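1. just need the structure, nothing else, for what follows:
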Amino acid sequence: MGFDIENIFLPSVGVDLVFDMDSLTPISRSSIIYDTDYGNRTITIAQPIVPVTSETQFDELHLTTIIHIKQRRVRIGLACKPIKFIDQYHLANRSTTKALVVEYRLPPVETNIRSAFRLPLSQRHNIKAKLLLNGVEYFTAKDFKIKDISFAGMGLVVPKKLNGKPNPLTQAQSGTLVPVGMILVDRGQQAPVGTFPVKTKVARLNPNYSETHMLIGLKIIAITAESEDLLNRFIHNAQIDELKRISKRG
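-> Presented below is the predicted three-dimensional model:
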């Protein structure tokens, strides 16, 4: 199937820069298209929250976005390279911000990434959750806090003690299966973004995260396509909101 980039990669479209897509640890950074020059095969985008510089190291880079085809979501990618770094790009509202110009290669292709940028949760974008470990339910705010999340997993910050007693969550073992129920919260909306269960397993443990807390890394091992879509949009929208906030501040 051929894809017409002039109907896909358009100004104001949300995109992701994906570094080393075919590696074991791809990295994704969200952005927005500011301008396009199809004749010269260049696209100007907002600098991601973690900016791209001339020192940024990678083996391959793709500019990607998601489209809908016949009731399914498809991520389309263009192989590209950064060619210009702009410190003061003029926006329509007469403000300036940092921008990046990438030169792309045809053809656009369907792509797929599971690992991605890990989103730190904020006051506006947050997640309420409960998890089941060894037959006991534990809840956010009381027993643990979700520090960050990606399409591949999440990091839990766990207090070592609760009410002066050892927190049972600190006894989690690597490889243990942990069902999790999640509520995605955007405080800019009245209703939750989505509510769904996922299956995870303990992938890493850091008991020395701080004097009072440990860190548990959960890997998502089962999630429905619909729930993955909700999580994808939640993470992407949170990054876009942060980019807009930074642009207004600049």
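2. domains of this protein?
-> Following automatic domain parsing, the chain resolves into domains at 5-117, 119-238.
3. dump the ones you listed into TSV; add mean neighbour count and mean pLDDT as well.
-> No exception for glycine: its C-beta is placed from N, CA and C like everyone else's. TSV is the format used below for the domains of the chain (neighbours: other Cβ atoms under 10 Å; pLDDT from 0 to 100):
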stretch	mean neighbour count	mean pLDDT
domain 5-117	16	87
domain 119-238	16	90
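4. which strands and helices sit next to the longest strand along the chain?
-> Identified as the longest strand of the chain according to DSSP state E is strand 72-90. Contacts defined by 3 or more Cβ pairs under 8 Å, 6 or more residues apart in numbering; DSSP states H and E place strand 72-90 against strand 42-46, strand 61-69, strand 96-111.
5. just want the angle from it to strand 61-69.
-> 130 degrees (axes from the mean of the first three to the mean of the last three Cα atoms, to 10 degrees).
6. need the CA coordinates for strand 72-90. PDB is fine.
-> Extracted in PDB, the C-alpha atoms of strand 72-90 (Å, rounded to 0.1, in the frame of the first residue of the first chain):
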ATOM      1  CA  ARG A  72      -7.500   0.300  12.100                       C
ATOM      2  CA  ARG A  73      -4.700   2.600  13.400                       C
ATOM      3  CA  VAL A  74      -1.500   2.600  11.400                       C
ATOM      4  CA  ARG A  75       1.800   4.300  12.300                       C
ATOM      5  CA  ILE A  76       3.500   5.700   9.200                       C
ATOM      6  CA  GLY A  77       7.200   6.500   9.300                       C
ATOM      7  CA  LEU A  78       9.700   8.400   7.100                       C
ATOM      8  CA  ALA A  79      13.400   7.800   7.500                       C
ATOM      9  CA  CYS A  80      15.000  11.200   8.100                       C
ATOM     10  CA  LYS A  81      18.000  13.100   9.500                       C
ATOM     11  CA  PRO A  82      18.200  16.500  11.300                       C
ATOM     12  CA  ILE A  83      19.700  19.200   9.000                       C
ATOM     13  CA  LYS A  84      19.000  22.500  10.900                       C
ATOM     14  CA  PHE A  85      18.500  23.600  14.500                       C
ATOM     15  CA  ILE A  86      16.600  26.800  14.900                       C
ATOM     16  CA  ASP A  87      16.700  28.700  18.200                       C
ATOM     17  CA  GLN A  88      14.100  31.300  17.300                       C
ATOM     18  CA  TYR A  89      11.400  29.900  15.100                       C
ATOM     19  CA  HIS A  90       8.600  32.400  14.500                       C
END
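7. partners of it in the sheet?
-> Here strand 72-90 is paired, per DSSP bridges, with strand 61-69 (antiparallel), strand 96-111 (antiparallel).
8. could I get those as JSON lines with distance to F151?
-> Formatted as JSON lines, the strands paired with strand 72-90 follow (distance: least, Cβ to Cβ, whole Å):
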{"stretch": "strand 61-69", "distance to F151": "12"}
{"stretch": "strand 96-111", "distance to F151": "13"}
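9. thank you kindly, that will do.
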